[in-house]
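In: My questions are about this predicted structure, shown below with the sequence.
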Amino acid sequence: MSTGSFQPKNRAVRWFEERLPILSLLHGTLVAYPAPRNLNYWWNFGSLAGIALVLQILTGVVLAMHYIPATGLAFDSVERIMRDVNYGWLLRYLHANGASMFFLVVYVHIFRGLYYGSYKAPREVLWMLGLVILLLMMATAFMGYVLPWGQMSFWAATVITNLFSAIPVFGDEIVRWLWGGFSVDQPTLQRFFSLHYLLPFLIVGVVILHIWALHIPGSNNPLGIDVKGPQDQVPFHPYYTAKDAFGLGIFLIVLGVLVFYMPDALGHPDNYIPANPMVTPPHIVPEWYFLPFYAILRAFTFDIGPIPAKLLGVIAMFGSILLLFFLPWLDRSPVRSATFRPVYKKTFWLLVAASIGLGWVGANPPDRVLVDFGPDVDAIADQVAAAYAANHDGAAPAGDVESLAGLREIAVAAGMSERDFETLVAEEHVTFDMVHLGQLLTLYYFFHFLILLPFIIPRVERPRPLPESIAAAVLKTKAAPAAAAAQ
Amino acid sequence: MGAAVALWPFIDQMNPAADTLALSSTEADLSPVAPGQQIVVKWRGKPVFIVNRTKHMIEEARAVPVDSLRDPQSDEERVKPGHENWLIMVGVCTHLGCVPIGPHEGSYDGWFCPCHGSHYDTAGRIRKGPAPKNLAVPDYEFTAPDRVRIG
Ligand code: HEM
Ligand code: FES
């Protein structure tokens, strides 16, 4: 990469540069970096993620000057930040909503990579470093959410740490080790604070590696084809600094609307109730950015062989991210961009829909009914038969057990009142509820990555022809409307 | 080897400290608990349910065939002889640790966990939902007819 174009005129700068060439490094990264000339707005989200990270660290460090990581004081110290500390409300709302914006931006950034095949050779390590950042961010945000020590903080900490109790043999030991006690308590809060302060700086380290790995092959682009020469590129500055600055403007407007007009819209009101280890709120949900994973966790309500449902849910939830590490080898198509992959393009949008759908499922109570198919005759028949057998020395009922009318007669013969029978009919319905939808969407998520990508798409897809070069494609689309206008 | 030994203090420091381990028993007075009611006491940071079961609740629990249960345990195994009405258990759902509501909740007249819908019966045994185990019975002893020490 051309970092050589940095020629400081100032003598002092030159003196410094000869001793530590950091300025030319920054110049090479942010100014001279030759980027494909056809990057669209989806390429804004990487720099936005970087800015969001800086914003979290700046607001976080100042919040930590006022926050107290002690169970009896944490909640009050956050309320003091909100009421008494100068601009404390602003800093905290920026930090809380900034975390949401950070995830939003990173999720778009990841789906951008999925659409344009940015995980493929030669960018596999770049992709995997990105996933490491995602995992660190999730750990950081989870621990940050525990710090205000409200009801949601406490129960999120309890439920998430308990996920590890699903691990066979050592599960309970591990959970006690995470807690530093017999429940989520002072030691847990204090270590979470320590790690919540530390992890963002680890993220900074991995981001530096991520950008380093980016600059080896250079950016991918919407056509997904390699850069062939300087005619395909423009320098990062001023072209993409300007484009990114525009995106930053939009980002700041959205963040501003959240912070100033609806600062608690994405939060849960129960987190303004101090933590109470004796009472769980009736409806606990994670922050929105964890909802799809929560839905996957809850989709497993059945055991498979010796593996209990609880462990399956935990494996699937972590698996949904870990499997992305193998994506470069699951998808062997040499064509990167979905623009030229008619089948992959459709399955990609289904994946987006499934992910958003899972988020919706995660936000809803699991037993919320979506479709009601009417009374479940088999289940009612079982109960009526049991009641009949109890009253008739174990005899099986004679009569029509296939219809509700027949069952009603048997129920009355079994000594059940009409009213009890009606209650039974009202309760036992065949339904399609949130858990079922979650199961369907979870199935699609794994099917997409484990079956469609490696086995089915390569057999059925014929990619469209790729353009010769970025320059050729760009100049053709620019020329086409002009030619049409000239006619 | 040496590296692993050097690492151990850094790992083990996260385990419960000596003073945390020392906070290990709680006493409760049973006299104000009417039949059919429960009190909740705090033991090691967790809620412990102390339930004064009615005859009906005990009968319900004993009518269930033990081998039909997910975590097979008879009602007798979960209480102390001579104190069958007193059901004492850790009020922490064995799924992911929420506090179930009850008694007289859920499909089995016992406890219901609102987090992901686990139902426990009048002996605190798991009957329906994602939880794998019965509500845990802690070590406890009656220090007087109406006093109990947990832990
Ligand atoms: C990856 C970057 C970060 C993310 C995603 C993040 C996320 C969060 C979240 C979601 C909360 C809970 C907000 C609430 O509901 O009140 C929080 C709280 C907090 N964070 Fe961070 N954080 C980050 C970096 C930092 C850093 C570098 C510090 C520096 C010490 C910090 C200090 C704090 C403090 C003191 C709180 C408690 C005060 C409060 O609740 O607002 N954070 N963080
Ligand atoms: S924690 Fe009780 S059902 Fe999940």
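Out: Nice, thanks for sending it over. Ligands and ions are numbered 1, 2, ... in the order given.
In: From the rest of the structure, what touches the helix or strand of chain B with the lowest mean pLDDT?
Out: Sorted by mean pLDDT, DSSP states H and E, the helices and strands of chain B end with helix B:18-22, the least confident at a mean of 85. By CB atoms under 8 Å, 6 or more residues apart in numbering or on different chains, the residues outside helix B:18-22 that reach it are A:180-182, A:187. The way it works is simple: take the backbone N, C-alpha and C, and place the C-beta from them, glycine included.
In: And stretch A:27-42, by the same measure?
Out: Residues outside stretch A:27-42 that contact it (CB under 8 Å, 6+ apart): A:1-3, A:5-6, A:108, A:112, A:115-116, A:211, A:215, A:218-223, A:227, A:230, A:232-237, A:239-241, A:243, A:247, A:470-471, A:473-474.
In: Pull out the buried members of the residues you listed.
Out: Buried members of these, scored by 16 or more other CB atoms under 10 Å in any protein chain shown, are A:3, A:6, A:108, A:112, A:115-116, A:211, A:218-223, A:227, A:232-233, A:236, A:240, A:243, A:247, A:470-471, A:473-474.
In: Out of those, which sit inside strands?
Out: By the criterion of DSSP state E, membership of the buried ones among the contacts of stretch A:27-42 in strands covers residue A:233.
In: Any buried residues in whichever helix or strand comes after the least confident helix or strand of chain B, and which?
Out: Downstream of helix B:18-22, the first helix or strand assigned by DSSP states H and E is strand B:26-29. Using 16+ other CB under 10 Å as the test for burial, strand B:26-29 gives B:26, B:28.
In: quick revisit: which ones among the contacts of stretch A:27-42 are found in helices?
Out: A:108, A:112, A:115-116, A:211, A:215, A:236-237, A:239-241, A:243, A:247, A:470-471, A:473-474 (DSSP state H).
In: Which ones among those also lie next to chain B?
Out: Near chain B, taking CB under 8 Å from any CB of the partner chain as the test, no member of these is found.
In: how far away is residue A:226 from residue A:233?
Out: To residue A:233, residue A:226 is 11 Å away according to CB to CB, to the nearest Å.
In: For chain B, what's its nearest residue on the stretch 1-150 of chain A.
Out: In the stretch 1-150 of chain A, no residue comes nearer to chain B than residue A:71, which is 9.7 Å away by CB to the nearest CB.
In: can you give me phi and psi for that residue?
Out: With angles defined as degrees, to the nearest 10, residue A:71 sits at phi -50, psi -40.
In: tally of neighbours for the residue lying closest to it once chain neighbours are set aside?
Out: Distances taken as CB to CB, 6 or more residues apart in numbering or on different chains place residue A:186 nearest to residue A:71, at 5.0 Å, with adjacent residues excluded. Per other CB atoms under 10 Å in any protein chain shown, the neighbour tally for residue A:186 reads 16.
In: And for residue B:63?
Out: Around residue B:63 there are 9 residues (other CB under 10 Å).
In: Could you do the one 10 residues further on as well?
Out: When neighbours are defined as other CB under 10 Å, residue B:73 has 16 of them.
In: My guess is it contacts residue B:124. True?
Out: No - counting by CB atoms under 8 Å, residue B:73 stays clear of residue B:124, with 9.4 Å between them.
In: Look up the residues that both of those two are in contact with.
Out: Listed contacts common to residue B:73 and residue B:124 are residue B:134; contacts here mean CB under 8 Å, 6+ apart.
In: picking that back up, check what pLDDT the residue of the stretch 1-150 of chain A closest to chain B gets.
Out: The model reports residue A:71 with a pLDDT of 96.
In: quick one: contacts for it?
Out: The contact partners of residue A:71, by CB under 8 Å, 6+ apart, come to A:149, A:185-186, A:189, A:275.
In: what about 7 Å?
Out: When the contact criterion is CB atoms under 7 Å, 6 or more residues apart in numbering or on different chains, the partners of residue A:71 are A:149, A:185-186, A:189.
In: low pLDDT regions in chain B?
Out: Filtered on pLDDT under 70, chain B yields no residues whatsoever.
In: what does it put close to ligand 1?
Out: Within chain B, no position lies close to ligand 1 (CB under 6 Å from any ligand atom).
In: what ranges do the helices span in chain B?
Out: Using DSSP H, the helices of chain B run over B:2-12, B:18-22, B:55-62.
In: what's in contact with the last one?
Out: So the one you mean is helix B:55-62. Residues outside helix B:55-62 that contact it (CB under 7 Å, 6+ apart): B:75, B:84-85, B:109, B:121-123.
In: which one of those is nearest residue A:312?
Out: residue B:121 (24.6 Å; CB to CB).
In: Is the closest one in contact with residue B:108, as I believe?
Out: Yes - counting by CB atoms under 7 Å, residue B:108 is a contact partner of residue B:121 at 3.9 Å.
In: Could you pull out the residues contacting both of these two?
Out: In terms of CB under 7 Å, 6+ apart, residue B:121 and residue B:108 are both contacted by the residues residue B:127.
In: By proximity to ligand 1, which residue of the stretch 251-400 of chain A wins?
Out: The minimum distance from the stretch 251-400 of chain A to ligand 1, using CB to the nearest ligand atom, falls at residue A:267 (5.8 Å).
In: ok but that residue is inside a strand, no?
Out: No - applying DSSP: H, G, I helix; E, B strand; the rest coil, one finds residue A:267 to be coil, outside a strand.
In: Residues of chain A that sit close to chain B?
Out: For chain A, the residues in contact with chain B (CB under 7 Å from any CB of the partner chain) are A:155, A:158-159, A:162-163, A:176-177, A:180-183, A:185, A:187, A:191, A:277-280, A:282-284, A:298, A:301, A:308-310, A:366-367.
In: How many residues are close by the nearest residue to residue A:278 once chain neighbours are set aside?
Out: Excluding the flanking residues, the one nearest residue A:278 by CB to CB, 6+ apart is residue B:47, at 4.8 Å. Other residues lying near residue B:47 total 20 when counted by other CB under 10 Å.
In: just residue A:299 next, same as before
Out: Per other CB under 10 Å, the neighbour tally for residue A:299 reads 28.
In: Dihedrals phi and psi, it?
Out: Reported as degrees, to the nearest 10, the phi and psi values for residue A:299 are phi -70, psi -20.
In: what sits against it?
Out: Contact analysis of residue A:299 by CB under 7 Å, 6+ apart lists A:435, A:438-439, A:442.
In: For it, give its distance to ligand 2.
Out: 14 Å (CB to the nearest ligand atom, to the nearest Å).
In: Show me which residues of chain B are close to chain A?
Out: Counting by CB under 7 Å from any CB, chain B comes close to chain A at B:14-16, B:20, B:40, B:42, B:44-47, B:95-99, B:114-117, B:130, B:132.
In: Return a selection command, for use in ChimeraX, containing the buried ones of the residues you listed.
Out: Selection of buried members from the residues of chain B next to chain A for ChimeraX, criterion 16+ other CB under 10 Å:
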select /B:15,16,20,40,44,45,46,47,95,96,97,98,99,114,115,116,117,130,132
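In: Please flag which of the residues of chain B next to chain A sit within strands.
Out: When DSSP E is applied, the residues of chain B next to chain A are split such that B:40, B:42, B:46-47 fall in strands.
In: so which two of the residues you listed are the farthest from each other?
Out: B:40 and B:46 (9.9 Å).
In: from the contacts of helix B:55-62, which single one is nearest chain A?
Out: Nearest to chain A out of the contacts of helix B:55-62 is residue B:109 (CB to the nearest CB; 15.5 Å).
In: The closest one - how many residues pack around it?
Out: Using other CB under 10 Å, residue B:109 has 17 other residues around it.
In: That one and residue B:76: what is the separation?
Out: Distance, residue B:109 to residue B:76, by CB to CB: 19 Å.
In: What residues sit buried inside stretch A:412-419?
Out: A:413-414, A:416.
In: what about residue B:34, neighbour count?
Out: Neighbours of residue B:34 using other CB under 10 Å come to 8.
In: Also residue A:97?
Out: Residue A:97 sits with 23 neighbouring residues when counted by other CB under 10 Å.
In: same check, this time on the one 3 residues further on
Out: Each residue near residue A:100 was counted by other CB under 10 Å, and the total is 20.
In: Okay then, goodbye and thanks.
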